[in-house]
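[1] prediction below, plus the sequence it came from.
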Amino acid sequence: MLKLYGITLSGNCYKVRLLLGHLGEPFEWIEVDARAGETKSAAFLAMNPFGRTPVLEIGPGVHLAESGAILCYLAEGTKYLPADRLARARVLQWLFFEQNSHEPYVANARFIVRILNTEQECAERLEELRRSGYAALSVMESRLSRHAYLAEDRYTIADIALYAYTHVAGEGGFDLDGYPAIRAWLRRVEGQDGYVPMVDTKGTD
């Protein structure tokens, strides 16, 4: 069985759990306590020398890190990653956009507010993050105002990757009221077969 090492509140880890839910793939979830230094332990660094989650254990001694790489690996041969060369590249285009233009701003603002609870101390930094984050959301809004999904007009790992932090953007102080296409897209993602929430509201996560 696959083993997934991650942090429940991490959007990067959630991307992988969400795809596994869609695939109906059983896996063992192993919670990692980064604050206690577990990602810097010798055992963890042996799996991922970069010291970050998520890490997917595919088999004994076989590990894969980086959420985008894990998504591509798991989605290979499924409807969530096109086989066509150009269609696949368009999916990858959005994965790169997420990591370069979206996650560094939306996720980090959320981290400051939701995880660190240092909104007042980091007010100036948050203003910068939100400015760039809103720019990324505007790119998504433009695309989604004309298309149901981000790549190839069908649900793919591009949507999974960008849903992870967008759906909790409010926790970083982002207001999505002015982004109706994004809000409609969030509902479409949540209506997909096998959808799982980031946090189990029944308290079993």
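    It's in.
[2] pLDDT below threshold where in this structure?
    200-205 (pLDDT under 70).
[3] could I get the full set of strands for it?
    2-6, 27-31, 55-59, 62-65 (DSSP state E).
[4] elements contacting the shortest one?
    Just to be clear, that refers to strand 62-65. strand 55-59 (3 or more C-beta pairs under 8 Å, 6 or more residues apart in numbering; DSSP states H and E). Quick note: C-beta positions are derived from backbone N, CA and C, even for glycine.
[5] the strand it packs on - contacts with which helices or strands?
    strand 2-6, helix 42-47, strand 62-65, helix 67-75.
[6] try 6 Å this time
    Judged by 3 or more C-beta pairs under 6 Å, 6 or more residues apart in numbering; DSSP states H and E, the packing partners of strand 55-59 are strand 2-6, strand 62-65.
[7] switch the strands of the chain over to TSV; also include distance to residue 127.
    As requested, these are exported to TSV (distance: least, C-beta to C-beta, whole Å):
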stretch	distance to residue 127
strand 2-6	30
strand 27-31	33
strand 55-59	34
strand 62-65	32
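[8] okay if I get the ones you listed as CSV plus mean neighbour count and distance to residue 138?
    Formatted as CSV, the strands of the chain follow (neighbours: other C-beta atoms under 10 Å; distance: least, C-beta to C-beta, whole Å):
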stretch, mean neighbour count, distance to residue 138
strand 2-6, 19, 30
strand 27-31, 14, 34
strand 55-59, 18, 33
strand 62-65, 15, 31
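[9] residue 125: which of these is closest?
    Among those, the nearest to residue 125 by C-beta to C-beta is strand 2-6 (25.7 Å).
[10] any idea which of the helices and strands packed on strand 55-59 gets closest to residue 140?
    strand 2-6 (24.4 Å).
[11] sheet-wise, list the partners of the closest one with their directions.
    Counting by DSSP bridges, the strands paired with strand 2-6 are strand 27-31 (parallel), strand 55-59 (antiparallel).
[12] quick one: the first one to helix 67-75, angle?
    What it means is strand 27-31. Put simply, strand 27-31 runs at 160 degrees to helix 67-75, going by axes from the mean of the first three to the mean of the last three C-alpha atoms, to 10 degrees.
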